[in-house]
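> how would this look folded up:
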Amino acid sequence: MKIVVIGGSGLIGSKLVNTLRERGHDALAASPSTGVNSITREGLAQAMDGADVVVDVANAPSWEDQAVLDFFETSSRNLLAAEKAAGVRHHVALSIVGTERLPDNGYFRAKVAQEHIIKASGIPYTLLRATQFHEFVGGIVQSFTVGEVVHASPALIQPIASDDVVAALADVVLAAPVNGTVEVAGPEALPIDELAKRFMRATGDNRKVVPDVNARYFGSVLDDQSLTAGKSARLGAIRFEDWLARSTTR
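Alright, predicted model coming up:
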């Protein structure tokens, strides 16, 4: 089966391409660095030729509100038009758990817009919503930093290792379209301030962490449901503590 991975040079995309190839499939890593650009449409028709499935794990180059919205809307429309012309049978996109619950977050609003475009395309699809990656915890901690103090929300978060996201994605790609949304999350939910303390302790960061219910997560105030998955979510196997231990000893 030919599978085109848009964003195939990134963290998730590169791992997914390797996983699919190991399973015996023809996986194409499609990104601007390989001559495939979903914004300019360069190389898009050629990449789609003979493709059975397209997986969109591309990320916007800018997180500015309008720029990220423009990226996901333009990229998605171009991809879906090329897929329709090529007769692609399944469109898979990686999204984020809680996108519709945080309307103050420009990135989340852009992902909601992307999801709407996919649903309206007429192409069979599956949306895989994942919680925040273990690999992004450092950036989350930094976003809560004010001076030398980390004012972190005590709301729950359910972080997941990128390897577990890739495993779930691969299974979705090789299954029939569900024409709906599937969730994948980490094996445990914990308060963000506690997550920050664990990360900082492991990385030798001695700054103080202060729980702050009003702390904004990239523009949004959180509650315990904002960043956690539903009861039917697939759960990853890699706990944050285990990932952290491996990451800090490399």
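> ranges for the strands of the chain?
Remark: strands assigned in the chain by DSSP state E are 2-6, 26-30, 53-56, 90-96, 125-130, 145-146, 149-152, 156-157, 180-185, 190-191, 208-211, 216-217, 220-221, 234-235.
> list the contacts of the fourth one.
It stands for strand 90-96. 12, 52-57, 76, 79-80, 83, 108, 111, 114-115, 118, 121, 123-132, 165, 169, 172-173, 176-177, 181 (C-beta atoms under 8 Å, 6 or more residues apart in numbering). Using the backbone N, CA and C atoms, a C-beta is placed for each residue, glycine as well.
> which among those residues count as buried?
12, 52-57, 76, 79-80, 83, 108, 111, 114-115, 118, 121, 123, 125-132, 165, 169, 172-173, 181 (16 or more other C-beta atoms under 10 Å).
> residue 242 and residue 159: what is the separation?
12 Å (C-beta to C-beta, to the nearest Å).
> these two: which has the busier surroundings?
The neighbour count for residue 242 versus residue 159, taken as other C-beta atoms under 10 Å, is higher for residue 159 (28 against 13).
> doesn't residue 132 make contact with that one?
Yes: at 5.2 Å, residue 159 counts as touching residue 132 under the criterion of C-beta atoms under 8 Å.
> so what's the nearest residue to residue 209 once chain neighbours are set aside bridging to?
Closest residue to residue 209 apart from its sequence neighbours, by C-beta to C-beta, 6 or more residues apart in numbering: residue 150 at 4.6 Å. Under DSSP bridges, the beta-bridge partners of residue 150 are residue 145, residue 209.
> pLDDT at residue 150, what is it?
For residue 150, the pLDDT comes out at 97.
> surely residue 103 and residue 109 touch.
Yes: the criterion here is C-beta under 8 Å, and residue 103 meets it with residue 109 at 6.2 Å.
> these two: who's more crowded?
Using other C-beta under 10 Å as the criterion, residue 103 and residue 109 rank with residue 109 on top: 19 against 12.
> still on that earlier bit, most packed of the strands of the chain?
strand 53-56 (a mean of 27; mean count of other C-beta atoms under 10 Å).
> chain center to that strand: distance?
14 Å (C-alpha atoms, centre = their mean, to the nearest Å).
> could you dump the strands of the chain to TSV with distance to residue 67?
Written out in TSV, the entries for the strands of the chain read as follows (distance: least, C-beta to C-beta, whole Å):
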stretch	distance to residue 67
strand 2-6	18
strand 26-30	21
strand 53-56	18
strand 90-96	17
strand 125-130	22
strand 145-146	24
strand 149-152	27
strand 156-157	26
strand 180-185	25
strand 190-191	32
strand 208-211	31
strand 216-217	20
strand 220-221	19
strand 234-235	32
